[in-house]
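>>> below is the structure, and that's it, no one-letter string:
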């Protein structure tokens, strides 16, 4: 008990020290702090809002429609192997494959809130759904950072393959636990019968019962979809900006690229990939693969904020211990099969995946007007009709 108290006290001390360091950095390193915030805001209005906001709205509406059962037909055998019998589970997985971790988390949350998945099933689906999307991996990391869209496709294939294997491993673990739970309930029932036979009242001997799916009511329709997507985008931009600030102050001024990589790896995936690409090492692509697999605290906290509180995130966290070596192994195999993809000149057509850039003032005005038109934000009083 004393050891547990000591661990909690040390964890609280480390957390408090990190917060004090972050607060002091605003005054001691104002340039680095401001630069990190500005970079985070630029990522929001250049990439996050234009790419994710329409996708979040459309994916929510598709999952609520009857067409959701027809989407992701190729993934249905895989979800059945996971033990997920919801006809919309493949569509949610497809949203994660195409839209990245934000689209996947929001899709899984919608299925949970509408009663299609239990909390345990949603946690299992997250293992094979959460990851970086093609737009970021192929376009940003591959074409823009590494100078080879072909390398981005190899990184994407390695990440997806590792996620699929981790999903199967998690499903196998769940089945083994269920068998143990069934055996435990059987032994408890036998012991209960024996105790009852010895004269103990049956009411004092209970057997655990299977709980029902814990669905949470959720509004459906166009206006709720836009409103929830606006809230999700604002939350995502907040995390992106905050962790861009953390990544800026975590790196000493003038530090080497390798130091910046290891400092930003547990924080934010974009900064870690950028630092990996600036290293002089021949392992730049492998370092990017590791950063994409780890994802960083920013991604995990964004996923946590997008999900209902009852959906556990621990299976996804533990799966990354297997995902990291698997992704590196698969990337090595793909690199041997397609060696030309790693060359700088292997610029496969990635134009559909390039980030859309608009002036920040125009982007914010259009975003606010769309939210107002769809009823996602309250109309100011001076604009209302009297």
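All right, it came through fine. These figures come from a predicted structure and were not determined experimentally.

>>> host element of the residue nearest the centre of the chain?
Centroid-nearest residue in the chain: residue 101, 3.5 Å away (criterion: CA atoms, centre = their mean). If you go by DSSP states H and E, residue 101 is part of helix 89-113.

>>> ok, then the element right after that helix?
Remark: after helix 89-113, the chain's next helix or strand is helix 119-129, criterion DSSP H and E.

>>> start and end of stretch 69-82, how far apart?
One end of stretch 69-82 to the other measures 17 Å (CA to CA, to the nearest Å).

>>> can you name the next helix or strand after the helix or strand hosting residue 151?
Using DSSP H and E, residue 151 sits within helix 149-197. Downstream of helix 149-197, the first helix or strand assigned by DSSP H and E is helix 222-250.

>>> the inter-axis angle of that next one versus helix 89-113?
On the basis of axes from the mean of the first three to the mean of the last three CA atoms, to 10 degrees, helix 222-250 is oriented at 90 degrees to helix 89-113.

>>> now the helix holding residue 101: mean pLDDT?
Mean per-residue pLDDT for helix 89-113: 87.

>>> do stretch 281-289 as well
Mean predicted lDDT for stretch 281-289 stands at 87.

>>> confidence score at residue 157?
Looking at residue 157, its pLDDT reads 94.

>>> actually, residue 30.
In this model, residue 30 carries a pLDDT of 82.

>>> next, the angle from the helix holding residue 101 to helix 119-129.
Per the same axes, to 10 degrees, the angle that helix 89-113 makes with helix 119-129 is 140 degrees.

>>> now do the buried residues in helix 89-113.
Neighbour-count burial for helix 89-113 flags 89-97, 99-113 (criterion: 16 or more other CB atoms under 10 Å). All C-beta spots, glycine's among them, are computed from the backbone N, C-alpha and C.

>>> helices or strands up against that helix?
On a contact count with 3 or more CB pairs under 8 Å, 6 or more residues apart in numbering; DSSP states H and E, helix 89-113 meets helix 49-64, helix 76-81, helix 119-129, helix 222-250, helix 297-306.

>>> what sits up against the second one?
When contacts are defined by CB atoms under 8 Å, 6 or more residues apart in numbering, helix 76-81 is touched by residues 86-87, 89-90, 93, 125, 128, 164, 167-168, 171.

>>> starting at the chain centroid, how far to that helix?
Relative to its chain's centre, helix 76-81 lies at 21 Å (CA atoms, centre = their mean, to the nearest Å).

>>> what sits up against the helix or strand harbouring residue 322?
Using DSSP H and E, residue 322 maps to helix 314-337. Here helix 314-337 makes contact (CB under 8 Å, 6+ apart) with 123-124, 126-127, 130, 154-155, 157-159, 161-163, 165-167, 169-170, 285-286, 289-290, 292-295, 300, 303, 341-342.

>>> I'd like the average pLDDT over that helix.
For helix 314-337, the mean pLDDT works out to 93.

>>> now the angle from it to helix 119-129?
20 degrees.

>>> and helix 314-337, what's buried?
For helix 314-337, the neighbour count (16+ other CB under 10 Å) marks 315-316, 319-320, 322-324, 326-328, 330-331, 334-335 as buried.

>>> which member of the contacts of helix 76-81 is positioned nearest residue 47?
Nearest to residue 47, judged by CB to CB, of the contacts of helix 76-81 is residue 93 at 23.1 Å.

>>> ok, now which ones touch the closest one?
Residue 93 makes contact with 72, 75, 78-79, 104, 107, 125, 128-129, according to CB under 8 Å, 6+ apart.

>>> most packed of the helices and strands packed on helix 89-113?
helix 119-129 (a mean of 25; mean count of other CB atoms under 10 Å).

>>> returning to that earlier point: distance between the helix holding residue 101 and the chain's centre?
Chain-centre distance of helix 89-113: 10 Å, with CA atoms, centre = their mean.

>>> for stretch 304-323, same thing?
With CA atoms, centre = their mean as the basis, stretch 304-323 stands 8 Å off its chain's centre.

>>> near residue 294, how many other residues are there?
Residue neighbour count, defined by other CB atoms under 10 Å, stands at 19 for residue 294.

>>> not counting sequence-adjacent ones, nearest residue to residue 98?
residue 133 (6.3 Å; CB to CB, 6 or more residues apart in numbering).

>>> does that neighbour touch residue 99 like I think?
Yes: between residue 133 and residue 99 there is a contact at 5.4 Å, judged by CB atoms under 8 Å.

>>> before we move on, back to that, among the buried residues of helix 314-337, which one lies nearest to residue 249?
Using CB to CB, the buried residues of helix 314-337 come closest to residue 249 at residue 320, 24.9 Å.

>>> look up how far residue 293 lies from the closest one.
From residue 320 over to residue 293 the distance is 7 Å, taken as CB to CB, to the nearest Å.

>>> who touches both of these two?
The contact sets of residue 320 and residue 293 do not overlap (CB under 8 Å, 6+ apart).

>>> mind checking the SS state of residue 266?
Put simply, residue 266 is coil when judged by DSSP: H, G, I helix; E, B strand; the rest coil.

>>> list the residues that contact it.
Here residue 266 is in contact with 294, 296-297 (CB under 8 Å, 6+ apart).

>>> alright, I will stop here.
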